[in-house]
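1. test case, fold it:
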Amino acid sequence: MLTRLMKQAREKVGGMAIRVRDRMRSVRRKVVAIAVSSRRKGPEGDEQRKELYRDLLSLTRRVMNQARRVCAEIGTLSRRKQGKAGQLTKKIETMVVRVKQVIRQTATRIFTGNTKAQDKIVSLFEPHTEIIRKGKASKPTEFGKLVKIQEAENQIITEYQVYEERPNDSDLLVEAVEKHEKCFGRTPAMVAADAGFYSSANEKKLEEMGVQRMSVPNRNTRSEARRLKQKQRWFKRGQRWRTGSEGRISVLKRRHGLNRSRYRGQDGMKLWVGLGVIADNLISIGKISAARAVRA
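-> The predicted structure is shown next:
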């Protein structure tokens, strides 16, 4: 990315003394070598990877330092030429800061074993991206932002939220019911969610709000009464409905592209998710209206 930006800036202003050296082939070779060495286990494999990472970080620092020199030279040019490359210079300076952070956290992780680097960046292009671990066997680690989807009858999405920082699932349940009540003027007769949303405080609060049935399992309960409750027909029906609503997330990803935001930044991601939700609701409402017209 830095090399491409430097080449674009050089073309914009023309006649720069500094020559932009493309080190991408060397970088790719080191990345491939690291991937191959990952198959080699034991202390010898670890040492080999560390040496390869040293070389890769050294190459990255050279690219970063070259970018700084390009920005410094542009700053000495005429105002007209500086204006031509103004946006590119800002992008280069922003990317240099991010690359420096990535170098620091990579060195910390590889050479000291510390994976808890402060202000960790996992994407140069979307620095707000978070590491999400939800315990899935197929995808133990995912990258992005947590999105909450609320669904009512007839597969209509009534509320969505893109969180800047991932909250605990159990902190979202009461808020979700409050938003449902604000939208429809009453609390739902039943609330269904997975075990991550359970807490005794949530259950008590929803009962006070007037929710008649709460189908949210407590996996760690030792209460026989609680276990019997979770085996009742209405509770299982609520969990089946919740499992079915999980398909809505799959549809949003597959049909409306919510597996990856095509808009940049946190605000762009919120807009992308919102457009996907609107599109899906329009399809669901259209199906319901068509079915009612046929029955009429």
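2. make it CA atoms for all contacts and neighbour counts henceforth
-> Will do.
3. so which residues of this protein form helices?
-> 2-13, 24-37, 42-74, 79-84, 86-112, 173-184, 200-209, 224-229, 233-256, 265-295 (DSSP state H).
4. quick one: closest of those to residue 192.
-> Among these, helix 233-256 comes nearest to residue 192, with 5.6 Å by CA to CA.
5. now the closest one against helix 265-295, angle please.
-> Angle between the axes of helix 233-256 and helix 265-295 is 110 degrees (criterion: axes from the mean of the first three to the mean of the last three CA atoms, to 10 degrees).
6. what helices or strands is helix 233-256 leaning on?
-> Where contact means 3 or more CA pairs under 8 Å, 6 or more residues apart in numbering; DSSP states H and E, helix 233-256 is packed against strand 190-192, strand 213-215, helix 265-295.
7. let's go with 7 Å and repeat that
-> The contact analysis (3 or more CA pairs under 7 Å, 6 or more residues apart in numbering; DSSP states H and E) places helix 233-256 against strand 190-192, strand 213-215.
8. now those strands in TSV, with distance to residue 230, mean neighbour count and mean pLDDT?
-> Listed next are those as TSV, based on distance: least, CA to CA, whole Å; neighbours: other CA atoms under 10 Å; pLDDT from 0 to 100:
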stretch	distance to residue 230	mean neighbour count	mean pLDDT
strand 190-192	12	19	91
strand 213-215	8	20	91
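9. which one of those strands lies closest to residue 289?
-> strand 190-192 (24.8 Å).
10. pull the residues that contact the closest one.
-> 211, 212, 213, 214, 215, 216, 238, 239, 242 (CA atoms under 7 Å, 6 or more residues apart in numbering).
11. do that again at 10 Å, thanks
-> Contact partners of strand 190-192, identified using CA atoms under 10 Å, 6 or more residues apart in numbering, comprise 152, 173, 176-177, 206, 210-217, 234-243, 245.
12. drop anything exposed from the residues you listed.
-> With burial judged by 16 or more other CA atoms under 10 Å, the buried subset of those is 173, 176-177, 206, 211, 213-217, 235-236, 238-239, 242, 245.
13. so who does residue 52 touch?
-> Residue 52 is in contact with 29, 30, 31, 33, 34, 37, 46, 58, counting by CA under 10 Å, 6+ apart.
14. nearest to residue 21 among the residues you listed?
-> Distance to residue 21 across these (CA to CA) is lowest for residue 58, with 14.6 Å.
15. and residue 278, how far is that from residue 9?
-> Distance, residue 278 to residue 9, by CA to CA, to the nearest Å: 40 Å.
16. counting neighbours, go ahead and name the busier of those two.
-> Set side by side, residue 278 and residue 9 show more neighbours around residue 9, with 24 against 14, by other CA atoms under 10 Å.
17. check the more buried one and give its pLDDT.
-> As predicted, residue 9 sits at a pLDDT of 87.
18. setting aside sequence neighbours, what's the nearest residue to it?
-> Nearest residue to residue 9, sequence neighbours excluded (CA to CA, 6 or more residues apart in numbering): residue 85, at 5.5 Å.
19. for residue 175, see how far away the one you found is.
-> From residue 85 to residue 175 the distance is 47 Å (CA to CA).
20. same drill for the two, tell me which one is more crowded.
-> Neighbour count, other CA under 10 Å: between residue 85 and residue 175, residue 85 has more, with 22 against 11.
21. any idea how far the more buried one is from residue 284?
-> From residue 85 across to residue 284, the span is 48 Å (CA to CA).
22. same question for residue 208.
-> In terms of CA to CA, residue 208 sits 32 Å off from residue 284.
23. residue 214 too?
-> 26 Å.
24. report pLDDT for residue 137.
-> Residue-level pLDDT assigned to residue 137 equals 64.
25. do the same with residue 73
-> For residue 73, the model assigns a pLDDT of 89.
26. list the contacts of it.
-> 16, 17, 18, 67, 82.
27. wait, residue 99 touches residue 59, no?
-> No - Residue 99 is beyond contact range of residue 59, at 11.9 Å (criterion: CA atoms under 10 Å).
28. neighbour-wise, which of the two wins?
-> Each of residue 99 and residue 59 has its neighbours counted (other CA under 10 Å); residue 99 has more, 20 against 17.
29. how is the chain carved up into domains?
-> The record, using automatic domain parsing to delimit domains, assigns the chain the ranges 2-112, 155-295.
30. would TSV of those with distance to residue 131 be doable?
-> Below are the domains of the chain laid out as TSV (distance: least, CA to CA, whole Å):
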stretch	distance to residue 131
domain 2-112	14
domain 155-295	9
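31. no further queries at this time; thank you.
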